[in-house]
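S.K.: pasting the sequence and the predicted model now:
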Amino acid sequence: MFYHRTPFHSFAILGLIALAVYGLSCTTEASANEDPSVKKASLNPNGDSELALLMRAMYDDAAQMKAAIERGEQPAPSIDHEKMLTAHATEPEKAASETYQTWAQTYLQMVKALETGESEHAPELFQNVVNTCMGCHSDLCPGPKMRIQHLY
Ligand code: HEC
């Protein structure tokens, strides 16, 4: 006898699910022990934002630089981190915020300092980079922090 309500209910539930998934990248921590190939699968039915994809590449690039430092080599970025200033985000108002833009400028300075610094200082300079990832994420996007922690 409640049949006439069903279409509305399904719609409302779908809307709630869409909302929950929409905020996923910044609110939910993907398991750090997941298979990396699974982790790269898109969870967002609308496709991952340009910024989300860039962030994953930034993570990989940071991991690559960490490995170089551990081998005693000079770390060098292999992607253009400056794209974070303009890449389209899941929540565009977040990336447009002064908080985001200020952290992004600090982050880019830290990457530059690491790239151009003396290799004997690379471990501390790399720490500064990861601290800046963490700083911005603490303010705007806590979900991936457990994952970023692995870069220390
Ligand atoms: C200036 C702020 C800022 C800095 C600095 C920053 N991030 Fe992010 N990060 C974000 C925002 C905002 C998102 C959400 C992107 C979206 O969903 O569009 C994000 C998303 C992510 C994600 C989740 C991507 C996904 O799969 O959805 C990871 C992982 C990540 N960042 C890692 C890093 C790492 C590693 C660094 C440093 C090397 C870093 N971030 C530096 C703001 C930042």
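M.R.: Everything's here; your move.

S.K.: lowest-pLDDT helix or strand in this protein?
M.R.: Least confident helix or strand, the chain: helix 36-39 with a mean of 46, by mean pLDDT, DSSP states H and E.

S.K.: gap between the spatially most central residue of the chain and residue 86?
M.R.: Nearest residue to the geometric centre of the chain (C-alpha atoms, centre = their mean): residue 55, 3.9 Å. Residue 55 sits 14 Å away from residue 86, going by C-beta to C-beta, to the nearest Å. All C-beta atoms are positioned from the backbone trio N, CA, C, and that covers glycine.

S.K.: so the residue nearest to the centre of the chain makes contact with residue 144?
M.R.: Yes - assessed by C-beta atoms under 8 Å, residue 55 is found in contact with residue 144 at 7.4 Å.

S.K.: quick one: low-confidence parts of the chain?
M.R.: Applying pLDDT under 70 to the chain picks out residues 1-24, 28-46.
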